[in-house]
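Peer 1: Any chance you can model this:
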Amino acid sequence: MAFSTDETERYTRHILLKEIGGPGQQRLKAATVAIVGMGGLGAPAALYLAAAGIGRLLLIDPDAVALSNLQRQVLYRTADVGAAKVAAAAAALHALNPHADTDARAVRLVEANATELLEGAHLVVDGTDDFATRFAVNAACHALGVPLVSGAVGRWDGQIGVFASGVTKGAPCYRCFVPETPPDVEPCAEAGIVGALTGVIGAMMALEAIKIVTGAGSPLAGRLLLFDGLGADARTVRLAADPACPVCSGGQIR
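Peer 2: All right, here's what the predicted structure looks like:
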């Protein structure tokens, strides 16, 4: 898969990195990454993945751009208010990097359609804000055998993890970490969220995706990074597979 002159210049800073180089950039170009949820996390993740040279981005979100989104969803502009998020996102990403193909799907991912929507993706980035969707994405990733990069934010705090139960025997899936919907969840519409935090976590999700696709470094597989934006502090904890997990049954690949 040869690069054009434009692509070679565009990706020079990646190609100079020994951990990526030409072969890693080729892998980025050949990759299909699905982003579920084009909101506070999916929007910045999509910007960095398109800029990085991911060959195909599958964008999944049923919502339209709202004025209140613009405080943190920097992919969109005021003129996009009322437009389908995936359509506005596809246009913005094409303007950033015309070499990155986009497949915009203005549908809600649910358990019944998750596997069909995500089939063909080499990696999935989940930036959704409800647990039913997260559970559906996780189950589909496990069944399809693709790694999942999952992020979450609230007020001033964020977290990111990589779940690869369908790829690595014994690895935990997202349901090992969150078996059931927590009873005290507050949506950001009620609790509030500092806009820049979503950029931090969304960019880190893109970074994990780039590492996984290129084989660079050590992704957060089986680990969870916890970020405290108010205290400017971060720590990483290890996650274990749950032998009673309803999805991965202790991490055993089905």
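
Peer 1: For the stretch 51-200 of the chain, which segments are assigned as strands?
Peer 2: With strands called from DSSP state E, counting those that start in this stretch, the stretch 51-200 of the chain shows them at 56-60, 101-105, 123-126, 148-154, 157-163.

Peer 1: Just say which of those is most tucked in.
Peer 2: When those are scored by mean count of other C-beta atoms under 10 Å, the highest mean neighbour count falls to strand 123-126 (a mean of 27). C-beta: built from backbone N, CA, C; applies to glycine.

Peer 1: The residue lying closest to Asn97 once chain neighbours are set aside: neighbouring residues, count only.
Peer 2: Sequence neighbours aside, Ala50 is the residue nearest to Asn97 in space, at 4.8 Å (criterion: C-beta to C-beta, 6 or more residues apart in numbering). As a burial measure, the neighbour count of Ala50 was computed by other C-beta atoms under 10 Å and equals 26.

Peer 1: can you map out the helices along the protein?
Peer 2: Under the criterion DSSP state H, helices of the chain are mapped to 5-10, 12-15, 21-30, 42-52, 85-96, 114-118, 131-144, 174-177, 188-191, 195-214.

Peer 1: how far does the fourth one sit from the chain's center?
Peer 2: Counting by C-alpha atoms, centre = their mean, to the nearest Å, helix 42-52 is centred 9 Å from the centre of its parent chain.

Peer 1: Which other helices and strands does it contact?
Peer 2: For helix 42-52, the contact count by 3 or more C-beta pairs under 8 Å, 6 or more residues apart in numbering; DSSP states H and E identifies strand 32-36, strand 56-60, helix 85-96, strand 123-126, helix 195-214 as packing neighbours.

Peer 1: Send me it as PDB with only the CA atoms.
Peer 2: The C-alpha coordinates for helix 42-52 follow below in PDB (Å, rounded to 0.1, in the frame of the first residue of the first chain):
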ATOM      1  CA  GLY A  42     -15.700  10.300  20.300                       C
ATOM      2  CA  ALA A  43     -15.300  13.800  18.700                       C
ATOM      3  CA  PRO A  44     -11.600  14.400  19.800                       C
ATOM      4  CA  ALA A  45     -10.700  10.800  19.400                       C
ATOM      5  CA  ALA A  46     -12.000  11.000  15.800                       C
ATOM      6  CA  LEU A  47     -10.000  14.100  15.100                       C
ATOM      7  CA  TYR A  48      -6.700  12.500  16.200                       C
ATOM      8  CA  LEU A  49      -7.400   9.200  14.500                       C
ATOM      9  CA  ALA A  50      -8.300  10.900  11.200                       C
ATOM     10  CA  ALA A  51      -5.200  13.100  11.500                       C
ATOM     11  CA  ALA A  52      -3.100  10.000  12.300                       C
END
